[in-house]
Structure formats: structure tokens, C-alpha cells
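Asker: Prediction below, plus the sequence it came from.
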Amino acid sequence: MACRELGISIRTRQRWLRDAAAGTVNTDGRKNAVREKPSGTLSEEERARVLEVANSPEYASRPPAQIVAALADKGEWLASESTIYRILREKGQQHHRGRAKEPVRRPPASHSAAAPNQIWTWDITWLKAPVRGMYYYLYMIVDIYSRCIVGWEVHEEDGKPGETEPPSRSSRATGALCESHSPRSLRATRRAGWSRSRNAS
């Protein structure tokens, strides 16, 4: 009953009694235990001073790392970089700081096709070679609607083929599965050379 009220197990009580008998009493390790604040904890006045400096015109556009460095050059010390970050976060001021524009998060581009041969996509797959550590590179084009392989090539080096044109082996290799027509656009997943749209001629 006593262990339940204290929020500990019988094993913990036995360990405490054993440590007390040996003269080595450890601190209370319970999650809800009341602990003394560390000696280096900032007072409310010091925390207010950190906010005052961080929001001043001289440092309002600087991140905490630059604030600490600039103050150190002047021979001043308010708090560590992590402490300033923590104080700003607690006050809801942990946002983009600096002269550079805040990065704009854009969703990845998506494409859809309503019929075969409207949009093709491509990627590279590594194929094991007879020599350990050596690979062949399979360039493969897939129709995103039918998921049919409409073109492929295998090369010994990555980046040499297809810098401006996709693999030359067209869907004649898979003619039984797909009709061979030029797509309205070709989308690449890795190579910038194939990322732009290609209209059928």
C-alpha cells in the first residue's frame, strides 16, 4: 500500500533500503518528484533581459548563434545559444530570423494522365555487375497511366547517356504490351535534361 501511494515498485523500495544501509542514498528518480532547479538557471530578470536583447533593433534579425557571437565580441554574456532558443520558443518567438527571405514550402509537382502515352516518366536502376562494387545503370521509361515499360537502355556509367535525349530503345521491345506513340510530355525524376516537357512532333 505504501509503495502504491509513493508511486514506486517493491523493487525500488528494496533498493532504497539497501542503498540507505550502505550509506549511499541516491536522489529521487521518480518522474513526478520535486527537484531543485540547477544552479545555472536564469532568473526571471535575466530571462527578460534575453528577450529584450533578442528583440532589440540590433539583434532582431539575427539568430541566437549570431547574437551570442556578437555579444561575446563586446565582452558580454547573457545566455547560451540553446538557452536563447528555448526562451524564444517558450514565448512563441521562435520564427525565421535574418535578412534572407523565409523559405517557401511548395508541394511537390504531380502529374496525371487520362490515357496511355500522355505522360512518360523515367528513372535509373542499378544492376549488379560480375565485378564486386561495379554496377550497370538501367535507364527505363514507364507510361504513368498503363505502367508499361516503353523504353530502356543499359550503360556502364551513370550520367553519360540521355543527357539531352531519353533512351533510344523504344516500345518496340514491348510492342505486345504497349503501342508505340510519342507522349505529350516526358517527366524526369532525376535528370534535369529530361525534366522539361517534350511535345510530339
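Answerer: Okay, I see it.
Asker: From now on I want contacts and neighbour counts done on CA atoms only, so please keep to that.
Answerer: OK.
Asker: how deep is E45 tucked in, by neighbour count?
Answerer: 8 (other C-alpha atoms under 10 Å).
Asker: Tell me which helix or strand comes right after the helix or strand encompassing it.
Answerer: Using DSSP states H and E, E45 sits within helix 44-54. Per DSSP H and E, the first helix or strand lying C-terminal to helix 44-54 is helix 64-73.
Asker: buried ones in that following helix?
Answerer: Using 16 or more other C-alpha atoms under 10 Å as the test for burial, helix 64-73 gives P64, I67, V68.
Asker: The first one touches I87, doesn't it?
Answerer: By that I understand P64. No - between P64 and I87 there is no contact under C-alpha atoms under 8 Å: 10.5 Å.
Asker: Any idea what K128 is bridged to?
Answerer: Per DSSP bridges, the residues bridged to K128 are Y135.
Asker: which stretches of this protein form strands?
Answerer: Secondary structure of the chain (DSSP state E): strands located at 119-128, 135-143, 149-155, 185-188.
Asker: Where does pLDDT dip in this structure?
Answerer: For the chain, applying pLDDT under 70 flags the ranges 1, 6, 25-33, 98-100, 159-201.
Asker: Tell me how it divides into domains.
Answerer: The chain resolves into domains spanning 44-90, 119-194 when parsed by automatic domain parsing.
Asker: Nearest approach to L42 belongs to which of the strands of the chain?
Answerer: The closest of the strands of the chain to L42 is strand 185-188. By C-alpha to C-alpha, the value is 53.9 Å.
Asker: shouldn't L51 be in contact with L88?
Answerer: Yes - here L51 reaches L88: they are 7.3 Å apart, a contact under C-alpha under 8 Å.
Asker: neighbour-wise, which of the two wins?
Answerer: Neighbours were counted for L51 and for L88 using other C-alpha under 10 Å; L88 has more, 19 against 16.
Asker: Setting the sequence-adjacent residues aside, check what's closest to the more buried one.
Answerer: Among residues not flanking L88 along the chain, Q94 sits closest, at 5.2 Å (C-alpha to C-alpha, 6 or more residues apart in numbering).
Asker: Count the neighbours of that neighbour for me.
Answerer: Residues near Q94, counting by other C-alpha under 10 Å, number 14.
Asker: Could you do I149 as well?
Answerer: Applying other C-alpha under 10 Å, we find 21 residues neighbouring I149.
Asker: which residues does the residue nearest to it when sequence neighbours are not counted bridge with?
Answerer: Nearest residue to I149 in three dimensions, chain neighbours excluded: V142, at 4.5 Å (C-alpha to C-alpha, 6+ apart). Here V142 sits in beta bridges with T121, I149, going by DSSP bridges.
Asker: which residues does V142 contact?
Answerer: Applying C-alpha atoms under 8 Å, 6 or more residues apart in numbering to V142 gives the contacts W120, T121, W122, C148, I149, V150, G151.
Asker: same thing but 6 Å
Answerer: Each residue near V142 by C-alpha atoms under 6 Å, 6 or more residues apart in numbering is listed here: W120, T121, W122, C148, I149, V150.
Asker: Identify the farthest-apart pair in those.
Answerer: Within the contacts of V142, W122 and C148 form the most distant pair, 11.4 Å apart (C-alpha to C-alpha).
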